[in-house]
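>>> What follows is a predicted protein model with its sequence.
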Amino acid sequence: MDHLFDGIARYQTAVHPSNAPLFEELSGGQKPDVFFIACSDSRVDPSLITQQLPGQLFIARNAGNIVPSATTQDLNPDGVSAALEYAVEVLDVGNIVVCGHSDCGAMKAALAPESLTGTTYLRAWIDHARDAVESASDDVDIVIRRNVLLQLENLQTYRFVAERVREGRLKLHGWVYDIASGHVAIHNGETFE
Ligand SMILES: [Zn+2]
């Protein structure tokens with residue numbers, strides 16, 4: 001953990017003071033325009049890959065950049081649906097990005113559910129990506145892309161999302177980040193490019 005404490009010390013003595021006006025402005029509240037849903041994977045950093053500053057992205061991260069459909073949330077809402085509701089209903093963001101990534105362990109697990117035997121929460125969670133898998137012989141890169149599109153569909157099962165999308169007040173975006181090259185493939189409505 002020492003490298004984390006060293007980092008905090010450097011942040012407090014060098015980084016935070018050099019951005020003092022920004023943090024002074026942000027200390028009174030936030031007004032991000034983008035809700036960014038990404039994987040928990042340590043190699044995927046939304047603010048880094050989009051070069052955004054604190055205050056610009058409202059972020060939810062979980063294994064597999066998953067958004068369970070609204071029908072699963074009535075009894076026990078999870079962190080994604082709560083963050084989604086806050087982003088849309090309170091912060092009134094104009095954009096939601098679902099960002100998958102190469103070499104995603106969660107999507108490999110979706111392809112090989114037997115690898116999750118013995119897990120409880122993880123197995124139930126990855127099950128929300130089940131429809132991204134058509135066959136056990138699928139290419140993982142294809143499953144990663146299908147999963148992004150599946151989660152964009154799931155987003156629209158939330159009434160407050162569907163309404164705003166219909167009215168043109170909210171745009172949904174599907175991305176896949178490639179760790180090796182840094183390339184971000186963006187879905188254009190038909191394909192990722
Ligand atoms: Zn992942």
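Thanks, I have the structure now. Residues are numbered from 1 along each chain as shown.
>>> Just give me the neighbour total for Q51.
Close neighbours of Q51, defined as other CB atoms under 10 Å, add up to 7. Heads up, the C-betas are built off the backbone N, CA and C, glycines and all.
>>> Regarding it, what is its secondary structure?
Under the three-state scheme (DSSP: H, G, I helix; E, B strand; the rest coil), Q51 adopts coil.
>>> is the ion contacted by stretch 26-41?
Yes - interface with the ion: stretch 26-41 contributes 39, 41 (CB under 5 Å from the ion).
>>> Stretch 99-115 now?
Yes - where contact is defined by CB under 5 Å from the ion, part of stretch 99-115 touches the ion, namely 104, 106.
>>> longest helix of this structure?
Looking across the chain with DSSP state H, the single longest helix is helix 140-155.
>>> now the helices for this protein?
Going by DSSP H, the chain shows helices at 2-10, 16-18, 20-26, 46-49, 79-85, 105-111, 121-126, 140-155, 159-167.
>>> Ok, which of those comes nearest D92?
helix 159-167 (8.8 Å; CB to CB).
>>> other SSEs contacting the closest one?
When contacts are defined as 3 or more CB pairs under 8 Å, 6 or more residues apart in numbering; DSSP states H and E, helix 159-167 packs onto strand 171-177.
>>> Can you list the neighbours in contact with the strand it packs on?
By CB atoms under 8 Å, 6 or more residues apart in numbering, the residues outside strand 171-177 that reach it are 44, 49, 94-102, 144-145, 148-149, 152, 155-156, 161, 165, 183-187, 192.
>>> Before I go, just wanted to say thanks for your time.
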